[in-house]
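**Q** heads up, no residue letters with this:
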């Protein structure tokens, strides 16, 4: 209809009508674009709120893991002092069976990796801009970047695992995992050995402990791992404070 009127006006050289019809077309296109932009902006706001809530849930999960890490690192430090004294032949307030379990279990390490599924997806897709405001996005990015910079300590591979566990018989290791560490889960920091009876074979326990005491470099390795643990514990506390502050900031933004 508009195109026909515009064609007729041009044929008649009715420039006023041409101008009016042209303005109607331009205005219609402009309104259509504005409505489309408004719809896209509304969708982005809704999606941004959804993704911000998901990031908040990821960070809440990190907070729980970091809290568990701090508790576990303290237990590990206490055991490290016990192991240090034992390897030096000092008296310890633990039985041979307790030491047999503690030394084996503490040859492992509790890693921490942040939950960054939502953040990673948004960054990869180039959609992170729809989340929150610029200041909040910067704080979220800084949080993940800070943990990434410290990954060497969070994902540390202790030299103790091979040195210690190679001294334990296969039967002893199978018994420990089945009866004493059934719920151990290093990745989350949960789980520790439970109270379990010694397996049959006291000679195996005594012989293994003697072999551990005689292992060259084991005491140095225990002390080195403890030095890393001390640094890790301080960093974990700092990252926990940052995560809590960021979680509160996100909650405030979602209200």
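**A** Nice, I can see it. A quick note: this is a predicted structure, and the numbers were derived from the prediction, not measured.

**Q** Just the buried positions in the helix or strand where residue 138 lies, please.
**A** Here residue 138 is covered by helix 134-149, with elements defined by DSSP states H and E. Of all the residues in helix 134-149, those buried under the rule 16 or more other Cβ atoms under 10 Å are 136-137, 140, 143-144, 147. Every C-beta, even on glycine, is put in place using the N, C-alpha and C of the backbone.

**Q** what element comes up after that helix heading to the C-terminus?
**A** Secondary structure here is assigned by DSSP H and E; on that basis, the next helix or strand after helix 134-149 toward the C-terminus is helix 151-154.

**Q** what about that following helix, average pLDDT?
**A** Per-residue pLDDT over helix 151-154 has a mean of 88.

**Q** What residues of the helix or strand just after it count as buried?
**A** The C-terminal neighbour of helix 151-154 among helices and strands, as given by DSSP H and E, is helix 160-165. Neighbour counts using 16+ other Cβ under 10 Å place 160, 163-164 of helix 160-165 among the buried residues.

**Q** ditto for stretch 239-252
**A** 239-240, 242-244, 246-247, 249-250.

**Q** Go through the residues you listed and flag which are in strands.
**A** Where these are compared with strands, as defined by DSSP state E, there is no overlap at all.

**Q** Export these as a markdown table, with columns for pLDDT and distance to residue 83.
**A** Output for the buried residues of stretch 239-252, formatted as a markdown table (pLDDT from 0 to 100; distance: Cβ to Cβ, whole Å):
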| residue | pLDDT | distance to residue 83 |
| --- | --- | --- |
| 239 | 95 | 27 |
| 240 | 96 | 26 |
| 242 | 96 | 32 |
| 243 | 97 | 31 |
| 244 | 97 | 33 |
| 246 | 96 | 36 |
| 247 | 96 | 36 |
| 249 | 94 | 41 |
| 250 | 94 | 41 |
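
**Q** can I get those in JSON lines with distance to residue 207?
**A** Supplementary listing: the buried residues of stretch 239-252 in JSON lines, determined by distance: Cβ to Cβ, whole Å:
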{"residue": "239", "distance to residue 207": "42"}
{"residue": "240", "distance to residue 207": "42"}
{"residue": "242", "distance to residue 207": "48"}
{"residue": "243", "distance to residue 207": "46"}
{"residue": "244", "distance to residue 207": "48"}
{"residue": "246", "distance to residue 207": "51"}
{"residue": "247", "distance to residue 207": "51"}
{"residue": "249", "distance to residue 207": "56"}
{"residue": "250", "distance to residue 207": "55"}
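
**Q** which among those residues gets closest to residue 82?
**A** Distance ranking of those against residue 82, using Cβ to Cβ, places residue 240 first at 26.0 Å.

**Q** Which residue, other than its chain neighbours, is closest to that closest one?
**A** If you skip the residues right next to it in sequence, residue 240 has residue 66 as its closest partner in space, 4.3 Å away by Cβ to Cβ, 6 or more residues apart in numbering.

**Q** Alright, that wraps it up for me.
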